[in-house]
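[1] Give the three-dimensional model of this entry:
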Amino acid sequence: MNLPSMTHVESSNLESVGYDGTNLFVRFKNGSIYVYLHVPESLYQELLAADSKGKFLSKHVKGAFQYKRIA
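    Here you go, the predicted model:
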């Protein structure tokens, strides 16, 4: 799976995020990369706008979407 263009985010836990039109990619500060499958683009936009990216990810993405660790 190819990584889309990644956008750096201000977060204590997340390094950058990307979206390929279907899937949300998250690079964590520890270097791991996860892809969350079939995430609506509106949720990706809300993540980018959230004051706390990590809290938003935990509340609205983790546990709600299938995921795979890809790195």
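[2] use CA for all of it now, contacts and neighbours both
    OK.
[3] contacting residues around His47?
    Actually, residue 47 is Leu rather than His. When contacts are counted by CA atoms under 8 Å, 6 or more residues apart in numbering, Leu47 touches 53, 56-57.
[4] who wins for most neighbours among the residues you listed?
    Most neighbours among those, by other CA atoms under 10 Å: Lys53, with 21 neighbours.
[5] you'd agree that one is up against Ser16?
    No. Taking contacts as CA atoms under 8 Å, Lys53 lies outside contact range of Ser16: 10.0 Å.
[6] Find the residues that touch each one of those two.
    Common contacts of Lys53 and Ser16 (CA under 8 Å, 6+ apart): Val9.
[7] on that earlier part again, list just the nearest of the contacts of Leu47 to Leu3.
    Within the set of those, Leu57 lies nearest Leu3; the separation is 18.5 Å, counting by CA to CA.
[8] Could you pull out the helices in this protein for me?
    41-49, 53-60 (DSSP state H).
[9] I'd like the ones you listed as TSV, with mean pLDDT and distance to Phe28 appended.
    Below are the helices of the chain laid out as TSV (pLDDT from 0 to 100; distance: least, CA to CA, whole Å):
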stretch	mean pLDDT	distance to Phe28
helix 41-49	98	14
helix 53-60	98	10
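[10] How confident was the prediction at Lys7?
    Careful, residue 7 is Thr; it's not Lys. Confidence at Thr7, expressed as pLDDT, is 97.
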